[in-house]
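> Mind folding the following:
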Amino acid sequence: MLLDGLKNTAIIAVFGLFIGLIIGSLIAVVKLAPIENLFFKALKFLGDIYVALFRGTPIVVQLLLTHYVLFPLMGINIPPVFEGVITFGMNSGAYISEIMRSGILSVDKGQMEAGRSLGLSYVQTMWKIVLPQAIKNILPTLGNEFIALIKETSVVSFITVIDIYKAFQSIANNTFEYIVPYLMLALVYLILVIIITLIVRAIERRLRASDKR
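Sure thing, here's the model as predicted:
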């Protein structure tokens with residue numbers, strides 16, 4: 001049960017962050033696009049609604065709505081773990097969009113102008129020049145978002161997913177011993193956070209070393 005819980009927690013957090021990066025990057029690029037036609041204005045408006053919706057409601061409410069309302073109404077029947085991945089990914093996308101937007105704005109405007117002067121389109125310049133630099137600038141913040149996802153996965157037990165929290169809770173309920181299991185639960189989360197922090201710092205050092213070459 002512990003291994004299943006750890007596996008489900010990792011799947012939801014990792015793939016949720018990946019989906020969030022894709023959604024967040026798309027929203028940020030659209031919001032910062034200098035194009036002012038009706039289509040892009042509509043996209044920007046939808047992006048604002050998306051961000052307000054997912055940042056303005058708790059993740060547990062989003063999970064319950066997805067599991068008990070939206071997917072049943074749409075006739076979608078997938079394992080609860082994948083429901084968690086989708087919900088956490090969409091939730092993370094709202095936060096990462098603002099993180100990515102600040103990262104893009106931190107890149108010198110001359111980078112965009114240089115790309116456009118070479119004949120690249122706005123999307124090509126964003127993808128090949130601006131976004132890689134923006135991600136490098138916001139890497140510590142993305143690490144914090146990943147840590148937040150790891151800890152927030154404790155609510156997926158509301159939709160019958162066995163995660164780390166649910167595994168230790170079952171041990172406590174079966175043994176009627178609550179102190180040790182919950183102390184171990186806190187320790188496991190702490191170890192996961194330390195590992196993620198060390199990985200992010202290692203990537204930062206590697207990127208700084210590549211900048212000096």
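
> longest helix anywhere in the chain?
For the chain, the longest helix by residue count, based on DSSP state H, is helix 179-212.

> in that helix, what counts as buried?
For helix 179-212, the buried set under the neighbour-count rule, 16 or more other Cβ atoms under 10 Å, comprises 181, 185, 188-189, 192-193, 196, 200. For every residue, glycine as well, the C-beta is placed using N, CA and C.

> Would you mind checking which of the residues you listed is nearest to residue 135?
Ranked by distance to residue 135 (Cβ to Cβ), these are led by residue 200 at 12.2 Å.

> ok, the residue nearest to that closest one when sequence neighbours are not counted - contacts?
Closest residue in space to residue 200, ignoring its immediate chain neighbours: residue 143 at 3.6 Å, by Cβ to Cβ, 6 or more residues apart in numbering. By Cβ atoms under 8 Å, 6 or more residues apart in numbering, residue 143 lies in contact with 196-197, 199-200.

> hmm, 7 Å instead?
Shown in contact with residue 143 (Cβ atoms under 7 Å, 6 or more residues apart in numbering): 196-197, 200.

> Is it possible to get a markdown table of the buried residues of helix 179-212 that adds pLDDT and distance to residue 14?
Output for those, formatted as a markdown table (pLDDT from 0 to 100; distance: Cβ to Cβ, whole Å):
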| residue | pLDDT | distance to residue 14 |
| --- | --- | --- |
| 181 | 90 | 25 |
| 185 | 90 | 20 |
| 188 | 92 | 16 |
| 189 | 92 | 16 |
| 192 | 91 | 12 |
| 193 | 91 | 15 |
| 196 | 91 | 10 |
| 200 | 88 | 14 |
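
> so which pair among the residues you listed is furthest apart in space?
181 and 200 (29.0 Å).

> surely residue 136 meets residue 206?
No - counting by Cβ atoms under 7 Å, residue 136 stays clear of residue 206, with 10.6 Å between them.
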